[in-house]
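Chemist: show me how the following folds:
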Amino acid sequence: MQGFTQYMPTKIVFGEEAEKETGKLVKECGASKVLLVYGGKSAVKSGLLDRIKRELEKVNVVFEELGGVQPNPRLDLAREGVRKAIDMDADLMLAVGGGSVIDTAKAIAVGAANEGIDIWDVWMGKAFVSKAKPVGAVLTISAAGSEMSDSAVITNKETGKKAGFNSDMVRPRFAVMNPKLTYTLPKYQLACGIVDILMHTLERYFTPVSGNQLTDEIAEGLMRTLIENGKTAYENQEDYEAMSEIMWCSSLSHNNLTGLGRPKDFACHKLGHEIGGMFDEAHGATLSAVWGSWARYVYKLDAARFARYGRKVWKIKDKGEEETAVLAIEATEEFFRFLHMPTCIGEMNIGIQPDEILMQMAESATKGDTVKLGCFKKLDQQDMYEIYKAANHR
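Modeler: Sure, this is the predicted structure:
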């Protein structure tokens, strides 16, 4: 086992009616003024938001609201939240929703704790901070794993740039997780979430560092569990066992447990973020659209690793390292197809893009070819372009 540092401070309350614990959890954090952050229609229509408000009122917590969070969460709304949180002197940001809502709450938590610093400067690495307000989450979508992660992604619509920020400061203090809250998700959103969970694990699994047996077993077990239950849930979203397994997979896939002892690659996330930022496409779809092209571009560097993935996760009978590796890539893409997710750019709403746009995304991802991305293979601007080009078909 290689060396690592792990920090998982998030208290999890998991199960049916778990949201009834929200007020108690807020008080345990010592909070009395909360900014309630949510998306819109589903949280309101389902009555969840009103139930959360009642739980806060029971423990005499004052709250104000910030609704309207969208997928690929917007910088301008986060900035509005910062102003509101500062004005009300909020001492905790409570997210009710999925990854976009939680990431918005995290961005607000950073901005509210650091008056005078623009959060986009933090996200772009131009400003550095050492503190953030606490964040809590009531999860309604199994996908991003933001409820336990150290990361937050926001999108600047003015520039078309989507960027992430990583710090233990933004790990939520608590996460409330009731699988029944995910029953009414649109099927496409469910599928996008399953892809994101798988990709969070794959991005930690395919790295150049070996010698982490238990980490490998945890990652492989999580992926097998996700695939099995993902298929079940896609056919029946009210299967509690399947939806509960997916929800827990979501959290464990992105709290770094599946990558202990090795670096993260996350090149596919960078590829996907450029598509999401420029075209406002769903995050899960951007990932499934590029993964196969990335995998074929890099797998020969360590075909044995891809072959192990095929044997352990997809239960492919060994046919030699290279053939088994290719079959593993194909099995992953077939799973994406089962979920009706794109496996190339041409299958997305944006259609096939001209080469100039592909190069523009590659240039943006690598900051003008000044940084290399990933670690399984360090990718420069030309590498990223070649992967986009390979994915740009129908």
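Chemist: where does Ala31 land in three-state SS?
Modeler: Using DSSP: H, G, I helix; E, B strand; the rest coil, the secondary structure recorded for Ala31 is coil.
Chemist: that one touches Ala85, doesn't it?
Modeler: No. Ala31 lies out of contact with Ala85 (Cβ atoms under 8 Å); the separation is 12.0 Å. For glycine as for every other residue, the C-beta is placed from the backbone atoms N, C-alpha and C.
Chemist: quick one, which of the two is more surrounded?
Modeler: Neighbour tally, Ala31 and Ala85, criterion other Cβ atoms under 10 Å: the higher count belongs to Ala85, 26 against 23.
Chemist: list the contacts for that one?
Modeler: Residues near Ala85 by Cβ atoms under 8 Å, 6 or more residues apart in numbering: Leu35, Met93, Ile108, Ala109, Gly111, Ala112, Lys133.
Chemist: what's the neighbour count on Lys312?
Modeler: Each residue near Lys312 was counted by other Cβ under 10 Å, and the total is 17.
Chemist: tell me how far stretch 327-347 lies from the chain's centre.
Modeler: Taking Cα atoms, centre = their mean, to the nearest Å, one finds stretch 327-347 lying 19 Å from the centre of the chain it belongs to.
Chemist: do stretch 106-120 as well
Modeler: For stretch 106-120, the distance to the chain centre is 21 Å (Cα atoms, centre = their mean).
Chemist: measure that stretch end to end?
Modeler: Across stretch 106-120, the terminal residues are separated by 13 Å (Cα to Cα, to the nearest Å).
Chemist: contacts for it?
Modeler: Here stretch 106-120 has contacts from 35, 37, 66, 73, 75, 78-79, 81-82, 85-86, 90, 93, 122-123, 127, 129, 131-135, 146, 152, 154, 156, 165, 169-170, using Cβ under 8 Å, 6+ apart.
Chemist: cool, and stretch 378-394?
Modeler: Contacts for stretch 378-394 (Cβ under 8 Å, 6+ apart): 267, 270-271, 289-290, 292-294, 296-297, 344-347, 352-353, 355, 358-359, 361-363, 365-366, 368-369, 372-373, 377.
Chemist: buried ones in it, by neighbour count?
Modeler: Neighbour-count burial for stretch 378-394, counted by 16 or more other Cβ atoms under 10 Å, picks out Leu379, Gln381, Asp383, Met384, Tyr385, Ile387, Tyr388, Lys389, Ala390, Ala391, Asn392.
Chemist: swap in stretch 197-208?
Modeler: Buried positions in stretch 197-208, judged by neighbour count with 16+ other Cβ under 10 Å: Ile197, Leu198, Met199, His200, Thr201, Leu202, Glu203, Arg204, Tyr205, Phe206, Thr207.
Chemist: what's the answer for stretch 308-317, then?
Modeler: Quick answer for stretch 308-317 (16+ other Cβ under 10 Å): Arg308, Tyr309, Gly310, Arg311, Lys312, Val313, Trp314, Ile316.
Chemist: now, those residues that are in helices?
Modeler: If you go by DSSP state H, the buried residues of stretch 308-317 have Arg308, Tyr309, Gly310, Arg311, Lys312, Val313, Trp314 in helices.
Chemist: distance of the first one relative to Glu115?
Modeler: For Arg308, the distance to Glu115 under the criterion Cβ to Cβ, to the nearest Å works out to 50 Å.
Chemist: right, and the helix or strand after the longest helix along the chain?
Modeler: When the chain is parsed with DSSP H, its longest helix is helix 213-235. Downstream of helix 213-235, the first helix or strand assigned by DSSP states H and E is helix 240-253.
Chemist: name the next helix or strand downstream of that next one, please.
Modeler: Immediately after helix 240-253, counting by DSSP H and E, sits helix 267-279.
Chemist: give me the contacts around that next one.
Modeler: Contacts for helix 267-279 (Cβ under 8 Å, 6+ apart): 72, 153, 155-156, 160-164, 199, 202-203, 281-283, 286-287, 289-291, 294, 345, 348-350, 357, 361-362, 364-365, 373-374, 376-377, 379, 384, 387-388.
Chemist: give me the neighbour count for the residue lying closest to Lys300 once chain neighbours are set aside.
Modeler: Excluding the flanking residues, the one nearest Lys300 by Cβ to Cβ, 6 or more residues apart in numbering is Glu322, at 7.6 Å. Residues near Glu322, counting by other Cβ under 10 Å, number 14.
Chemist: closest one of the buried residues of stretch 197-208 to Asn256?
Modeler: Sorting those by distance to Asn256 puts Arg204 at the head of the list, at 7.6 Å, by Cβ to Cβ.
Chemist: report the angle between the helix or strand hosting the closest one and helix 213-235.
Modeler: Assigned by DSSP H and E, Arg204 belongs to helix 187-205. Orientation check (axes from the mean of the first three to the mean of the last three Cα atoms, to 10 degrees): helix 187-205 against helix 213-235 gives 170 degrees.
Chemist: what helices or strands is helix 187-205 leaning on?
Modeler: helix 213-235, helix 240-253, helix 267-279, helix 283-298, helix 321-338 (3 or more Cβ pairs under 8 Å, 6 or more residues apart in numbering; DSSP states H and E).
Chemist: do a quick rundown of the strands in the stretch 51-200 of the chain.
Modeler: 62-66, 92-97, 135-139, 151-156, 161-166, 174-177 (DSSP state E, counting those that start in this stretch).
Chemist: centre of the chain versus the shortest one, how much separation?
Modeler: Using Cα atoms, centre = their mean, the distance from the centre of strand 174-177 to the centre of the chain it belongs to is 16 Å.
Chemist: with stretch 245-261 instead?
Modeler: The answer for stretch 245-261 is 11 Å, by Cα atoms, centre = their mean.
Chemist: that stretch - what's its average pLDDT?
Modeler: Here stretch 245-261 scores 97 as its mean pLDDT.
Chemist: look up how far Ala365 lies from Gly276.
Modeler: Taken as Cβ to Cβ, the span from Gly276 to Ala365 is 12 Å.
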